[in-house]
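**Q** Below are the sequence and a predicted model; questions follow.
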Amino acid sequence: MSESDVTRDGVRGARPGRDALTEDRAGRRRRRRGRGEQAMVPDAEFSSYYGKPILNKPTWKPLDIAGYLYLGGLAGGSSLLAAGAHATGRPTLARTAKLGATGAISLSLAALVHDLGRPARFLNMLRVFKPTSPMSVGSWLLAGYAPLTMAAAAADVSGRYRLVGAAATASAAVLGPAVATYTAVLISDTAVPSWHEGYRQMPFVFAGSGATAAAGLALACAPARETGPARRMAVLGAALELGSLRMMKRHMGLAAEPFEKGRPHLLLRTAEALTVGGAALAALGSARSRPVAAVAGTALLAGSAALRFGIFQAGVASAEDPKYTVVPQRERAAESGSTPPPS
Amino acid sequence: MTDETETAAAGPGRNLLSGPQPEVARAAGYADAPPRMGFFTDTSVCIGCKACEVACKEWNAIPEDGLELTGMSYDNTQGLGADTWRHVAFIEQRKPLGGQEPGIGHDDVDVFTAARSLGTSPSSPGPGATAPASDARQPAGAPTGEISPLAPDGRTELRWLMSSDVCKHCTHAACLDVCPTGSLFRTEFGTVVVQEDICNGCGYCVPACPYGVIDQRPDDGRVWKCTLCYDRLGVGMEPACAKSCPTDSIQFGPLEELRERAAARVAQLHASGVTDARLYGEDPDDGVGGDGAFFLLLDEPEVYGLPPDPVVTTRDLPSMWRHAGAAAASLAALAVVSFARRPR
């Protein structure tokens, strides 16, 4: 008919990808939850800006900050073990725990400074004291706690200044539980859905995890005749950690989903298996056999670490998907009736 | 969830963690503060020229942060960050603007058949029928009439939303609350600014911001965000983005005045049929105590990449500390129980 490229079926020779797509196919990405034939469940439908995250995800390096969460728990728990062992006359357990606390808190301080964008300015952390900033509170806490653990360990190893050492051990044990649990506030006090929504249970998860890690270190390094308290601490800590974790996930709503997907899921399942296995071994077999105690201790240490890395990565994953920001806020707004539901 | 939210019963001089706070600068310690300044971004008149992005980059000497073609309409900036303090969002929708009549499709009309019957009946006047009487100088059959618009009022069903996003300068700013060094501070104008000579790059403010505004510059290590041109405000000038905006989509001024102007604008738009128009971030009762930079949007906030109901995370901080205290006590008790029996 004509030699024009424009035909009734469109433009001849045009690349299909050049057509600008709108709304459903581009600008307004709608996603549906649930898979397959679960039509009974209403779809969690939401709009987003090209699927881009609403939050800026944490810039923290996983090894530094998840590692710090772990080491802080290990140090705090170890200080408690150290004080108990010191008071009840278990010298090897006391020394192991004191050295463990010092080593863990020194490593964690190094990790914290390493994670700063400007490490040379680490002293700015002590420029002000701000109760509204868990990181400021934590910095001051560590500034008090780290020297105490070092004094306790130095007095123990050198065998001198015993009175000072005892005072330092007791003081470190007072601050230890705070060091182990404040890190939960540190990560909960963010807009990251999978961290913030768990703020009620997270400190208990971290307390239990710190106890199992410290007990694990003691089991791995101290002789069986002194590790009775560590074995009990392992069992109690595991129960507190895993029970609180379960409860936390149940109360988080949609923000619990990142804990059940991908690498965080794998890490948390590993943590559960290692912690349960380690605690069981500690309770049943480690009193008689040194190798069993070493295996139990290592499993507990690894389990606690896996838990912290799993929680850290679940939070990052929840910040990267706008679903976890938009859907719960929509539901909340719909409940309170402050804003109309999405059209 | 709100069981331990501090109420607004305290006086204006008290610094709260959440809730309405009319005199935010005075609460921060400025006895003689000027009125709170802010932005009202009216996206209904934004034309997507990105002059604000350019002016902001120029004035604040923000480094280049990559040139990418995203395919997201005309948006190649993508979002706010350390090196983007103004970001224009572009959203294409199959939706009419206010005043249009949607659904006047001509899908069932075969234009080729219709073209063949042109000029054969009074209902199908030929080309030129609506034009002034053609004279002999024109070639025969040349179309002299107006080209028919797609819809009776001249607009199509595609609407293109544009919105210039910026730091919200919250009444209760999570970034400021969690900053451990005091680098982030409240200015006398009620805005929130980073002191770059103090920031040590701890990065805590980045996940604390419920809007995803502030971010870390990887090569520099420190965090950066909109300062509401603190340097310009200090000498009585308006911020660079507002100055450069050709349509006054970005309006700068005392927050009280902007709120009045915004309310009037929404009423005007509703009256003219744009029922989608709504304000975002202007309510002092919202989760962040109201924004210093608020918006008039034509769709849900999440369509523009904004959170629908943001809450300052530190609202729950007193409860967090209480729970952590209980957990610390549990841990201590757990240790005591562990040592209680002495089966030696």
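**A** Looks like it arrived, so ask away. Numbers count the residues shown, from 1 in each chain, chains lettered A, B, ... in the order given.

**Q** so which helix or strand takes in residue A:243?
**A** Under the criterion of DSSP states H and E, residue A:243 resides in helix A:228-251.

**Q** buried ones in that helix?
**A** Neighbour-count burial for helix A:228-251, with 16 or more other C-beta atoms under 10 Å in any protein chain shown as criterion, is recorded at A:228-242, A:244-245, A:248-249. For every residue, glycine as well, the C-beta is placed using N, CA and C.

**Q** Quick check: mean pLDDT of it?
**A** Helix A:228-251 carries an average pLDDT of 96.

**Q** Kindly report the same for stretch A:328-343.
**A** Across stretch A:328-343, pLDDT averages out at 70.

**Q** Relative to the whole chain's centre, how far out is the helix or strand that contains residue B:56?
**A** Using DSSP H and E, residue B:56 sits within helix B:51-60. Mean-position distance between helix B:51-60 and its chain equals 17 Å (C-alpha atoms, centre = their mean, to the nearest Å).

**Q** tell me what that helix is packed against?
**A** When contacts are defined as 3 or more C-beta pairs under 8 Å, 6 or more residues apart in numbering or on different chains; DSSP states H and E, helix B:51-60 packs onto strand B:86-94, helix B:240-244.

**Q** Lowest average confidence across these, which one?
**A** Ranked by mean pLDDT, the helices and strands packed on helix B:51-60 bottom out at strand B:86-94, with a mean of 92.

**Q** so which of the helices and strands packed on helix B:51-60 comes closest to residue B:299?
**A** Comparing the helices and strands packed on helix B:51-60 against residue B:299 with C-beta to C-beta, the closest turns out to be strand B:86-94 (7.3 Å).

**Q** The helix holding residue B:56 relative to strand B:86-94, how many degrees between them?
**A** Following axes from the mean of the first three to the mean of the last three C-alpha atoms, to 10 degrees, one obtains 170 degrees for the angle between helix B:51-60 and strand B:86-94.

**Q** Just the buried residues of helix B:51-60, please?
**A** Per 16+ other C-beta under 10 Å, helix B:51-60 contains these buried residues: B:51-53, B:55-57, B:59-60.

**Q** Would you check how far apart residue A:269 and chain B are?
**A** In this structure, residue A:269 and chain B are 23 Å apart, going by C-beta to the nearest C-beta, to the nearest Å.

**Q** sec struct for that residue, please.
**A** Using DSSP: H, G, I helix; E, B strand; the rest coil, the structure places residue A:269 in helix.

**Q** what's the burial count for the closest residue to residue A:318 other than its chain neighbours?
**A** Closest residue to residue A:318 apart from its sequence neighbours, by C-beta to C-beta, 6 or more residues apart in numbering or on different chains: residue A:194 at 3.6 Å. Residue A:194 sits with 27 neighbouring residues when counted by other C-beta atoms under 10 Å in any protein chain shown.

**Q** Now do the strands in the stretch 51-200 of chain B.
**A** Using DSSP state E, counting those that start in this stretch, the strands found in the stretch 51-200 of chain B span residues B:86-94, B:158-166, B:184-186, B:192-194.

**Q** strand partners of the first one, parallel vs antiparallel please.
**A** Which is strand B:86-94. Neighbouring strands of strand B:86-94 in its sheet, by DSSP bridges, are strand B:158-166 (antiparallel).

**Q** Tell me who's in contact with the residue in the stretch 151-300 of chain B that chain A sits nearest to.
**A** In the stretch 151-300 of chain B, the residue that lies nearest chain A is residue B:201 (1.9 Å; C-beta to the nearest C-beta). Residues in contact with residue B:201, defined by C-beta atoms under 8 Å, 6 or more residues apart in numbering or on different chains, are A:116-118, A:121, B:216, B:221-223.

**Q** Which one (most neighbours) among these?
**A** That'd be residue B:223 among the contacts of residue B:201, by other C-beta under 10 Å, with 28 neighbours.

**Q** Quick check: pLDDT value at the residue of the stretch 51-200 of chain A found nearest chain B.
**A** Using C-beta to the nearest C-beta, residue A:117 is the residue of the stretch 51-200 of chain A that sits closest to chain B, at 1.9 Å. Listed pLDDT for residue A:117 reads 94.

**Q** now swap in the one 3 residues further on and tell me
**A** Among the per-residue scores, residue A:120 holds a pLDDT of 93.

**Q** before we move on, what SS does it have?
**A** Recorded secondary structure, residue A:120: helix (three-state DSSP).

**Q** Including distance to residue A:167 and mean neighbour count, could the helices and strands packed on helix B:51-60 go into JSON lines?
**A** As requested, these are arranged in JSON lines below (distance: least, C-beta to C-beta, whole Å; neighbours: other C-beta atoms under 10 Å in any protein chain shown):
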{"stretch": "strand B:86-94", "distance to residue A:167": "56", "mean neighbour count": "22"}
{"stretch": "helix B:240-244", "distance to residue A:167": "59", "mean neighbour count": "22"}
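
**Q** ok, back up a step: which of the contacts of residue B:201 lies closest to residue A:293?
**A** Taking C-beta to C-beta as the measure, residue A:293 sits nearest to residue A:116 out of those, at 38.3 Å.

**Q** Report how many residues lie close to residue 254.
**A** Went with chain A since none was named. Residues lying near residue A:254 (other C-beta under 10 Å) number 19.

**Q** that's the wrong chain, I wanted chain B
**A** 15.

**Q** And the pLDDT at it?
**A** 97.

**Q** one step back: could you work out the most separated pair of the contacts of residue B:201?
**A** Across the contacts of residue B:201 (C-beta to C-beta), the longest gap, 13.7 Å, separates A:121 and B:216.

**Q** Alright, calling it a day.
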